[in-house]
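Trainee: got a sequence here, can you model it:
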Amino acid sequence: MPLVEVTLAEGRSADQVRAMMREVHEAVLRTVNTKSEHIRVIVREVPRTHWATGDLTVSEMDAQNSASQQVREQ
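Mentor: Predicted coordinates for the structure are as follows:
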């Protein structure tokens, strides 16, 4: 019984998360000898303020990227 867990920074739409779950399910179904009803996919969404790469949270990186984009547009 395959179990796939995916952790994402929050911010995607319900439709995007659902589409990703469908694609993951299909990939497991294609590559593992199992029945569709045995596949489990769990998605965990982490607040962007609770996920860091290096010493910057994802929300801080978002702010930096937004500021850089604004400078380029001027």
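Trainee: from now on I want contacts and neighbour counts done on CA atoms only, so please keep to that.
Mentor: Will do.
Trainee: what number of residues lie near Glu26?
Mentor: 13 (other CA atoms under 10 Å).
Trainee: in stretch 37-47, what counts as buried?
Mentor: Ile39 (16 or more other CA atoms under 10 Å).
Trainee: typed the wrong thing, it's stretch 46-61
Mentor: Neighbour count says stretch 46-61 has 48, 51, 57-59 buried, by 16+ other CA under 10 Å.
Trainee: among the residues you listed, which ones are in strands?
Mentor: Thr57 (DSSP state E).
Trainee: need the buried residues of stretch 46-61 in a markdown table with pLDDT and distance to Arg12, can you?
Mentor: Output for the buried residues of stretch 46-61, formatted as a markdown table (pLDDT from 0 to 100; distance: CA to CA, whole Å):
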| residue | pLDDT | distance to Arg12 |
| --- | --- | --- |
| Arg48 | 96 | 11 |
| Trp51 | 96 | 15 |
| Thr57 | 97 | 17 |
| Val58 | 96 | 14 |
| Ser59 | 96 | 14 |
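Trainee: of the buried residues of stretch 46-61, which pair is most distant in space?
Mentor: Within the buried residues of stretch 46-61, Trp51 and Ser59 form the most distant pair, 8.3 Å apart (CA to CA).
Trainee: ok, longest helix in this structure?
Mentor: helix 14-31 (DSSP state H).
Trainee: okay, the angle between whichever helix or strand comes after that helix and helix 14-31?
Mentor: As assigned by DSSP states H and E, the chain's next helix or strand after helix 14-31 is strand 40-46. Interaxial angle, strand 40-46 versus helix 14-31 (axes from the mean of the first three to the mean of the last three CA atoms, to 10 degrees): 140 degrees.
Trainee: what's near enough to touch Arg44?
Mentor: Arg44 is in contact with 5-8, counting by CA atoms under 8 Å, 6 or more residues apart in numbering.
Trainee: pLDDT score assigned to it?
Mentor: pLDDT for Arg44: 98.
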